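Student: what's the 3D shape of this:
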Amino acid sequence: MPQLEETKSTELLDAVRTLNMKEIVRLIEAGADINAKDKNERTPLHTAAEYSSTKAVKVLIEAGADINAKDKNERIPLHIAAVKGYTEIVKVLIDLGADINAKDKNKKTPLHRATEIGFTDICEVILNHIARLEVAGLYVSEENLQKKNEFITTSTERYNNYLQHLKNCEEEVKKIKERNKSLYDFLRKNDVNKMAGIWEQNENVRNEFDNEENLKKLYPEYAHILINKADEVKKEIFLHNNKPLVDFLSTHYRYDFQKAKFFGMERFFEVHKNDFKEERVGVRNNTLFYFVDFNVEKRYAPKLKLQAFVETIGNEGVNSNLHHPNTEQTQGASQSLN
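Tutor: Residues are numbered from 1 along each chain as shown. Below is the predicted model of the structure:
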């Protein structure tokens with residue numbers, strides 16, 4: 001089975017290189033390692049960024065790809081897109097939570113690389129995000145602050161553009177604070193446990209994310225940052241509440257829940273919702289999906305039924321569904337892209 005999974009992972013890398021979307025989805029659903037690395041330690045997401053495929057980038061991240069995975073040069077996919085000059089890919093990666101402060105083996109950030117090559121549009125995209133982080137009091141590395149200052153002081157136009165964007169961010173943060181003080185506090189936290197505390201104690205914060213499209217209209221500058229923070233909190237709560245099951249499935253599916261986004265986890269369980277349906281595992285017609293708790297309002301001890309289920313499948317052994325999602329599921333996921 002390990003050799004088969006390795007073959008699938010190699011095929012996934014090849015499918016991304018040829019931008020074969022149907023094959024990419026088929027292999028993901030068939031159990032290919034979404035974070036498998038090639039000889040240069042690049043993941044499929046690195047390759048999707050290199051080949052400038054917005055669709056492949058989104059599909060891989062939705063499937064649980066590590067958005068900040070590092071290759072042998074310690075470059076994350078954002079580095080690759082910045083070096084290649086792919087402005088749209090840079091935007092997508094930043095919107096989905098890529099770390100603009102990540103440094104490669106030469107201690108250079110994506111902004112540093114973009115300024116070296118002269119990709120002005122990419123520099124401006126990253127600088128706009130730096131402005132958002134600065135105004136919200138969120139972390140920006142010294143390297144990025146230095147490069148920002150160097151870039152905006154090369155011309156009056158660049159300097160004025162940055163000041164205008166800074167002003168726009170300040171106005172939006174003020175709007176967030178006046179409209180929902182708890183959401184403002186949530187935005188300004190860096191620590192996931194502190195964010196989770198605000199999330200658990202404030203229904204008015206959780207409710208903001210019921211309609212993400214509306215959130216984007218209300219806060220065009222900060223919606224993506226807020227959505228990524230909410231995803232991080234949901235993931236933290238989900239992993240805590242489902243720990244026994246997550247630990248078990250991580251090994252057998254070769255799926256790294258820690259590196260995936262929460263919406264990637266939701267998709268994972270949707271694909272595998274009918275696994276463990278056989279009566280021999282002692283759960284009659286209840287399936288894997290039945291035991292997963294997607295309530296991410298608060299953290300609490302894993303439910304007894306979930307602990308009992310994990311103990312049962314651990315003792316009985318893993319059925320064939322674990323490594324081989326049924327064809328109908330795979331085809332359904334493939335068709336959803338068409």
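Student: what about the stretch 1-150 of the chain, any weak spots by pLDDT?
Tutor: For the stretch 1-150 of the chain, the stretches with pLDDT under 70 are 1-8.
Student: mind listing the helices for it?
Tutor: 2-17, 21-29, 44-50, 54-62, 77-84, 87-95, 110-117, 120-136, 142-152 (DSSP state H, counting those that start in this stretch).
Student: Could you save those as CSV and add columns showing mean neighbour count and distance to residue 102?
Tutor: Glycine gets a C-beta too; all of them are placed from N, C-alpha and C. Output for those, formatted as CSV (neighbours: other CB atoms under 10 Å; distance: least, CB to CB, whole Å):
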stretch, mean neighbour count, distance to residue 102
helix 2-17, 17, 21
helix 21-29, 21, 25
helix 44-50, 27, 13
helix 54-62, 21, 16
helix 77-84, 26, 7
helix 87-95, 21, 11
helix 110-117, 22, 7
helix 120-136, 21, 12
helix 142-152, 16, 10
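Student: Point out the one among those that comes closest to residue 176.
Tutor: helix 120-136 (9.0 Å; CB to CB).
Student: Turn the helices of the stretch 1-150 of the chain into CSV, including distance to residue 188.
Tutor: Output for the helices of the stretch 1-150 of the chain, formatted as CSV (distance: least, CB to CB, whole Å):
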stretch, distance to residue 188
helix 2-17, 37
helix 21-29, 36
helix 44-50, 29
helix 54-62, 25
helix 77-84, 23
helix 87-95, 19
helix 110-117, 23
helix 120-136, 6
helix 142-152, 18
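Student: and residue 236, which of those helices is closest to it?
Tutor: Using CB to CB, those put helix 54-62 closest to residue 236, at 18.2 Å.
Student: returning to that earlier point: residue 243 is nearest to which of the helices of the stretch 1-150 of the chain?
Tutor: So among those, helix 54-62 is nearest, using CB to CB, at 23.2 Å.
Student: mind giving me the domain split of the chain?
Tutor: Domain assignment of the chain by automatic domain parsing yields the ranges 1-99, 107-172, 180-338.
Student: between the helices of the stretch 1-150 of the chain, which gets nearest to residue 296?
Tutor: helix 54-62 (17.6 Å).
Student: ok, back up a step: right, and the helices of the stretch 1-150 of the chain - which one's nearest residue 219?
Tutor: Of the helices of the stretch 1-150 of the chain, the one closest to residue 219 (CB to CB) turns out to be helix 120-136, at 10.3 Å.
Student: quick one, the closest one and helix 77-84 angle?
Tutor: 140 degrees (axes from the mean of the first three to the mean of the last three CA atoms, to 10 degrees).
Student: separation between residue 201 and residue 297?
Tutor: The spacing between residue 201 and residue 297, counted by CB to CB, to the nearest Å, is 10 Å.
Student: what's the answer for residue 161, then?
Tutor: 41 Å.
Student: the more surrounded of the two?
Tutor: residue 161 (15 against 12; other CB atoms under 10 Å).
Student: so the more buried one makes contact with residue 124?
Tutor: Yes. If you go by CB atoms under 8 Å, residue 161 and residue 124 touch, sitting 7.5 Å apart.
Student: my guess is residue 59 meets residue 20, correct?
Tutor: No. Using CB under 8 Å, residue 59 makes no contact with residue 20, being 11.5 Å away.
Student: For residue 288, find the nearest of the helices of the stretch 1-150 of the chain.
Tutor: helix 21-29 (14.9 Å).
Student: And the closest one, what does it pack against?
Tutor: Applying 3 or more CB pairs under 8 Å, 6 or more residues apart in numbering; DSSP states H and E, we find helix 21-29 packed against helix 2-17, helix 54-62, helix 327-335.
Student: run the last query once more with 10 Å
Tutor: If contacts are counted by 3 or more CB pairs under 10 Å, 6 or more residues apart in numbering; DSSP states H and E, helix 21-29 sits against helix 2-17, helix 44-50, helix 54-62, helix 262-271, helix 327-335.
Student: got the CA positions of it in CSV?
Tutor: The C-alpha coordinates for helix 21-29 follow below in CSV (Å, rounded to 0.1, in the frame of the first residue of the first chain):
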residue,chain,number,x,y,z
MET,A,21,-7.5,19.4,-13.4
LYS,A,22,-9.6,16.2,-13.7
GLU,A,23,-6.6,14.1,-12.9
ILE,A,24,-5.6,16.3,-10.0
VAL,A,25,-9.0,15.9,-8.4
ARG,A,26,-9.1,12.1,-9.1
LEU,A,27,-5.7,11.6,-7.5
ILE,A,28,-6.6,13.7,-4.5
GLU,A,29,-9.8,11.7,-3.9
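Student: Report the angle between that helix and helix 54-62.
Tutor: Using the same axes, to 10 degrees: helix 21-29 against helix 54-62 is 10 degrees.
Student: Give me the angle between helix 21-29 and helix 262-271.
Tutor: 80 degrees.
Student: What does residue 69 show for phi and psi?
Tutor: When quoted as degrees, to the nearest 10, the phi and psi of residue 69 stand at phi -60, psi 150.
Student: My guess is it contacts residue 76. True?
Tutor: Yes. Between residue 69 and residue 76 there is a contact at 6.5 Å, judged by CB atoms under 10 Å.
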